[in-house]
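K.L.:
Model the structure of this input:
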Amino acid sequence: MSDNEKSIKLTIREIVIRGTIIAIIVTIPSLAAFVITWVFLDDFISGAFSGLIVHLIALIFAWKISKKLLVKK
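P.N.:
Numbers count the residues shown, from 1 in each chain. The predicted model follows:
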């Protein structure tokens with residue numbers, strides 16, 4: 001293989017920055033859904049359930065985003 005065909009590895013700093021972005025994408029919407037539901041409905045269980053649903057949806061999006069972010073061409 002020539003040097004151009006070899007994949008270049010990500011540095012630790014790039015991995016940390018990209019991982020932090022993905023963590024923010026996952027946590028902020030789920031926490032917001034939990035707090036908003038808890039405040040408006042005044043029910044902890046429904047807030048936790050809505051936060052869980054939003055968290056799982058955000059995990060799916062983060063998984064798709066991470067495939068594009070964590071690959072260096």
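K.L.:
S50: what's its closest spatial neighbour, skipping adjacent residues?
P.N.:
Leaving out its chain neighbours, the residue that sits closest to S50 by Cβ to Cβ, 6 or more residues apart in numbering is T37, at 4.4 Å. C-beta here means a position set from N, CA and C on the backbone, and glycine is covered the same way.
K.L.:
what does A58 give?
P.N.:
Distances taken as Cβ to Cβ, 6+ apart put V26 closest to A58, at 4.7 Å, once the chain neighbours are dropped.
K.L.:
pLDDT weak spots in the chain?
P.N.:
Residues of the chain that meet the criterion pLDDT under 70 lie in 1-7, 72-73.
K.L.:
For the longest helix along the chain, buried residues please.
P.N.:
What stands out as the longest helix in the chain, according to DSSP state H, is helix 12-41. Residues of helix 12-41 classed as buried by neighbour count (16 or more other Cβ atoms under 10 Å): 18, 22, 25-26, 29-30, 33-34, 37-38.
K.L.:
again, but for stretch 64-73
P.N.:
Quick answer for stretch 64-73 (16+ other Cβ under 10 Å): L69.
K.L.:
can you check stretch 46-62 too?
P.N.:
For stretch 46-62, by 16+ other Cβ under 10 Å, it's 47, 50-51, 54-55, 58, 62.
K.L.:
is it possible to export these to CSV including secondary structure?
P.N.:
Shown next, in CSV, are those (DSSP: H, G, I helix; E, B strand; the rest coil):
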residue, secondary structure
G47, helix
S50, helix
G51, helix
V54, helix
H55, helix
A58, helix
A62, helix
